[in-house]
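Visitor: Okay, predicted coordinates and the sequence, questions at the end:
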Amino acid sequence: MRISIQIRIDHEDGQSIITKPVAEFRRESLVTNTLGLTLTESKSILQNVQSELAQQQVEKHIREHRICKDCSKYQQTKDHHKLVYRTLFGKLTLKSPRLYACLCTKKDKKSISPLASVLSERISPELQFLQTKWASLVSYGMTSSILEEVLPIQSNVSSI
């Protein structure tokens, strides 16, 4: 049997997006090591779901913040930089635009970064919580090793 997993994202405006396949694998006959998912398969699925979900969230956030809230004008892109955001399911490398600040507002800064402002911490609360909790019980090195064994923490998920 062939198993294919895809993500479907439904936006509030009724628009649906079906992304590329998240995972595809085969199962031929039932043996103990092919029943259900393997740890490697589950890590891969988590990484790919994380990547697709994060990509959609980032794109939506940037689209919403390109329009000036005061005068409704489109803010031009100055340049892009990369943000690395660490999660339980791998590192996300996010393409973060810097936008020219709108002329209608008096600001000290000539550019803004909508993504950097919302992701001021570069680590997810869940990862930070588990690292802190487990490090209080065992050494940090062992904590990192254990988390890497079960979760795809060290892998780069994607450039979004």
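Guide: Cool, the structure landed. Numbering: from 1, shown residues only.
Visitor: Would you mind giving both backbone torsions of the residue nearest the centre of the chain?
Guide: In the chain, the C-alpha nearest the mean C-alpha coordinate belongs to residue 54, at 3.5 Å (Cα atoms, centre = their mean). The phi and psi values for residue 54, taken as degrees, to the nearest 10, are phi -60, psi -40.
Visitor: mind listing the strands for this structure?
Guide: Secondary structure of the chain (DSSP state E): strands at 2-10, 16-26, 77-87, 90-100, 111-112, 156-159.
Visitor: which one of these lies closest to residue 123?
Guide: strand 77-87 (4.7 Å; Cβ to Cβ). Just so you know, the C-beta spots here come from the backbone N, C-alpha and C atoms, and that holds for glycine as well.
Visitor: quick one, the closest one and strand 90-100 angle?
Guide: Put simply, strand 77-87 runs at 160 degrees to strand 90-100, going by axes from the mean of the first three to the mean of the last three Cα atoms, to 10 degrees.
Visitor: quick one on the thing from earlier: going by mean pLDDT, which of the strands of the chain comes out lowest?
Guide: Within those, the stretch with the lowest mean pLDDT is strand 156-159, showing a mean of 54.
Visitor: on that earlier part again, what sits closest to the residue nearest to the centre of the chain if chain neighbours are left out?
Guide: Nearest non-adjacent residue to residue 54, counting by Cβ to Cβ, 6 or more residues apart in numbering: residue 92, 5.3 Å away.
Visitor: what are the bridge partners for the one you found, then?
Guide: residue 85, residue 158 (DSSP bridges).
Visitor: Do I have it right that it meets residue 115?
Guide: No: judged on Cβ atoms under 8 Å, residue 92 makes no contact with residue 115 at a distance of 10.9 Å.
Visitor: any idea which helix or strand of this structure has the worst average confidence?
Guide: Every helix and strand of the chain was ranked by mean pLDDT, DSSP states H and E. The lowest is strand 156-159, at a mean of 54.
Visitor: Below-threshold pLDDT in this structure: ranges please.
Guide: Applying pLDDT under 70 to the chain picks out residues 106-107, 152-160.
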